[in-house]
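Engineer: Here is a sequence with its predicted model. Questions after.
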Amino acid sequence: MRNIWTIARREYRHYFTSPIAYIVALLTLLTVGVYFVVIIYYLTNQSYYSNTAPGIDIVIGPMATVFLFASPALTMRLLADEQRMGTLELLLTTPIKEGELVVGKWLGAFLFLLTIIAVTLVFPIVLNKLTSPGIDQGAMISAYAAIILLTAAFLAIGTAMSSFFNNQFAAFFATLAVLILFWWLIRMPTYIIQNNTINNILNYVDLNNRFTTMLTGTMSLSDIVYPISLTALGLFLSAIAVEIRRWR
Amino acid sequence: MIRVTGLTKDYGSRRAIENLTFEAKQGEVVGFLGPNGAGKTTTMRILTGYMPPTYGTAQVAGFDIISESIEVRRRVGYLPETVPLYPDMTVFEYMKFMADLRHLPNAEDMVDEALELVQMEKRADGYISNLSKGMRQRVGLAQALLHKPEVLILDEPTIGLDPAQVVEFRNTVREVGKERTVLLSTHILSEAQQLCDRVLIINKGRIVAEDTPENLQARLVGAEHVVLRVKGEADDLLPVIMKIPGVQNAKLQPDGMLEFQFAPGTDVRPAVAKATIKAGYDLLEFRPVGMSLEEIFLQLTQDNVRKER
């Protein structure tokens, strides 16, 4: 546990010295901010929309899209760079386990995105002031839980890809590919295939589907369990990949 | 203490090291000598728990490197060939990070102590990215010494150091080596000669010789070589020297130097010097040409090549 924390702390601090992290923070807050302003403007000025109250989804929805691209950028160097710089040899000859290393790395990135998520809490506060009688508290908690779970899964997939490749850019694009698969492509066959069993399976593993459900404030156990399992799987594969490196 | 038995490592179909067996005791500095690709780094990586061997095993500080890897890693200080540093950290941050990973109780004091040992305490707050190659090497060494390990494994530690730093570095290793086991690899032979109590010569994954540097020299150099230079031509001196009992293979070198050999134990040098002066020559230079480890090394590795053919 202590080792995980030591690794995570270094990783977290590293983000504040790297330009990528600042770009990710800027991009997230800018995108969410612009969306927020434009939507609020429309809702207040156009009579057509005037009977719709804005929900928290106008903040969390665009954030998820930004994180889809930001996560690979944040995780690509996690293990690939250690390998390249030769510091993996250092870490693996100290008394820490592969699992601790991998979880620590992931946790560092996760804490960084949690920090950005925490900053976006100003939007629901503003939204709460703007609407009467205030926004749906349940939906807000559910939406924030959704983005946090989604972030964990995105970053774990990224950590796994970073452990598979020595090259950061390979890790970046591989992560992006897997995320796009789980976010957009996985539901495509359901539009064609008539088989219910297959469609149920595809809908189950569709991250977007679960995320959108949670945004509306309805949360089922499997909506929570699925991203957590995906995170665990990603971290497990990363630990295996690091272990395999030893044997080569 | 390091005890290696039958260590073999295959990378795919290529055998990197084959059936290595050796020991290093506490308080001993053992040099690992060999050309590039001989298997030095592979052996060190196995001993530090970075990778497992294909066959065989080893005990480091009393623990098995495979079944008790974590215990071994606790007791070993390792400086890999490419010094593993994080350029975005300061020297102190980096050392503190390593101290935390090793769960050192009074981490900050131990960091200060290790940095003092390599004379980097003044640069503790500087970023690693701004350090010279030699300084990075020293930080790497400080990291290996940080937890006062029983066993110290250093892979080509003096690469990139300037001559003054090399001298400093050797003093540090000698100092540290008194109460620990040190295994260091190098392909600089004079270094092994100066630093090590014992030398293992490794070539193509096999140990080809193992002894103290002095013994290796004595064993392989059948005779001692001496060269002398006199003012003017030495042609007439040659027959004089050849007549002195014990002198073997006396001959003139193309550069005017006169070279001869004598069997160890029969020192003919005083007689040669006297004879030279007596013959009316002005003696300018008179020195032994010890066969260096370099030559021994070449001889050994070439013998190996010949046998394989």
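Structural biologist: The structure has been received and is ready for your questions. Residues are numbered from 1 along each chain as shown, chains lettered A, B, ... in the order given.

Engineer: so how many other residues sit close to whichever residue of the stretch 201-309 of chain B sits closest to chain A?
Structural biologist: At 17.3 Å from chain A, residue B:205 is the closest residue in the stretch 201-309 of chain B, using C-beta to the nearest C-beta. C-beta here means a position set from N, CA and C on the backbone, and glycine is covered the same way. Counted by other C-beta atoms under 10 Å in any protein chain shown, the residues lying close to residue B:205 total 23.

Engineer: again, but for residue A:217
Structural biologist: Residue A:217: 18 neighbours (other C-beta under 10 Å).

Engineer: quick one: which helix or strand includes it?
Structural biologist: Using DSSP states H and E, residue A:217 sits in no helix or strand.

Engineer: buried sites along the helix or strand hosting residue A:225?
Structural biologist: For residue A:225, the element it lies in under DSSP H and E is helix A:221-247. Neighbour-count burial for helix A:221-247, with 16 or more other C-beta atoms under 10 Å in any protein chain shown as criterion, is recorded at A:223, A:226-227, A:230-231, A:234-235, A:237-239, A:241-242, A:245.

Engineer: Would you check which pair of those residues lies furthest apart?
Structural biologist: Pairwise distances across those (C-beta to C-beta) peak at 34.8 Å, for the pair A:223 and A:245.

Engineer: need the residues of the stretch 1-150 of chain B near chain A, please.
Structural biologist: Residues of the stretch 1-150 of chain B lying close to chain A (C-beta under 8 Å from any C-beta of the partner chain) are B:11, B:45, B:48-52, B:70-71, B:73-74, B:76, B:78, B:80, B:82-86, B:88-89, B:97-98, B:100-103, B:143.

Engineer: and those, which of them are in strands?
Structural biologist: B:11, B:76, B:78 (DSSP state E).

Engineer: Up against chain A, what does the stretch 201-309 of chain B have?
Structural biologist: Close to chain A, as judged by C-beta under 8 Å from any C-beta, the stretch 201-309 of chain B has no residues.

Engineer: hey, where'd the helices end up in the stretch 201-309 of chain B?
Structural biologist: B:213-220, B:237-243, B:269-278, B:293-308 (DSSP state H, counting those that start in this stretch).

Engineer: can you give me the helices for chain A?
Structural biologist: A:2-15, A:19-45, A:57-75, A:77-85, A:87-92, A:98-119, A:122-130, A:137-164, A:168-183, A:196-205, A:207-215, A:221-247 (DSSP state H).

Engineer: Show me the beta-bridge partners of the residue nearest to residue B:286 when sequence neighbours are not counted.
Structural biologist: The shortest distance from residue B:286 to any non-neighbouring residue, by C-beta to C-beta, 6 or more residues apart in numbering or on different chains, is to residue B:228 (4.6 Å). Counting by DSSP bridges, residue B:228 forms beta bridges with residue B:258, residue B:286.

Engineer: any idea how far chain B is from the spatially most central residue of chain A?
Structural biologist: Nearest residue to the geometric centre of chain A (C-alpha atoms, centre = their mean): residue A:151, 1.9 Å. According to C-beta to the nearest C-beta, to the nearest Å, residue A:151 and chain B sit 24 Å apart.

Engineer: Then residue A:199?
Structural biologist: 44 Å.

Engineer: What is the neighbour count of residue 33?
Structural biologist: Defaulting to chain A. Count around residue A:33 with other C-beta under 10 Å applied: 15.

Engineer: could you do chain B instead?
Structural biologist: Neighbours of residue B:33 using other C-beta under 10 Å come to 29.

Engineer: so who does it touch?
Structural biologist: Shown in contact with residue B:33 (C-beta atoms under 8 Å, 6 or more residues apart in numbering or on different chains): B:185-187, B:189, B:192, B:199-202, B:293, B:297.

Engineer: mind redoing it with 7 Å?
Structural biologist: B:186-187, B:189, B:192, B:199-202, B:297 (C-beta atoms under 7 Å, 6 or more residues apart in numbering or on different chains).

Engineer: is it fair to say residue B:182 lies in a helix?
Structural biologist: No: read with DSSP: H, G, I helix; E, B strand; the rest coil, residue B:182 is strand and lies in no helix.

Engineer: follow-up on the earlier one: which among the ones in strands among the residues of the stretch 1-150 of chain B next to chain A count as buried?
Structural biologist: For these, buried by 16+ other C-beta under 10 Å: B:76, B:78.

Engineer: for chain A, which spans come out with low pLDDT?
Structural biologist: Applying pLDDT under 70 to chain A flags the ranges A:47-52, A:248.

Engineer: Output the set of residues of it in proximity to chain B.
Structural biologist: Applying C-beta under 7 Å from any C-beta of the partner chain, we find that chain A lies next to chain B at A:2-3, A:6, A:10, A:14, A:17, A:85-87, A:89-90, A:92-96, A:246-247.

Engineer: Please convert the buried members of those into PyMOL selection syntax.
Structural biologist: The PyMOL command for the buried members of those (criterion: 16+ other C-beta under 10 Å) is given here:
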select buried, chain A and resi 3+6+10+14+85+87+89+90+92+93+94+95+96
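
Engineer: that older thread, out of the residues of the stretch 1-150 of chain B next to chain A, which are inside helices?
Structural biologist: B:45, B:70-71, B:73-74, B:97-98, B:100-101, B:143.
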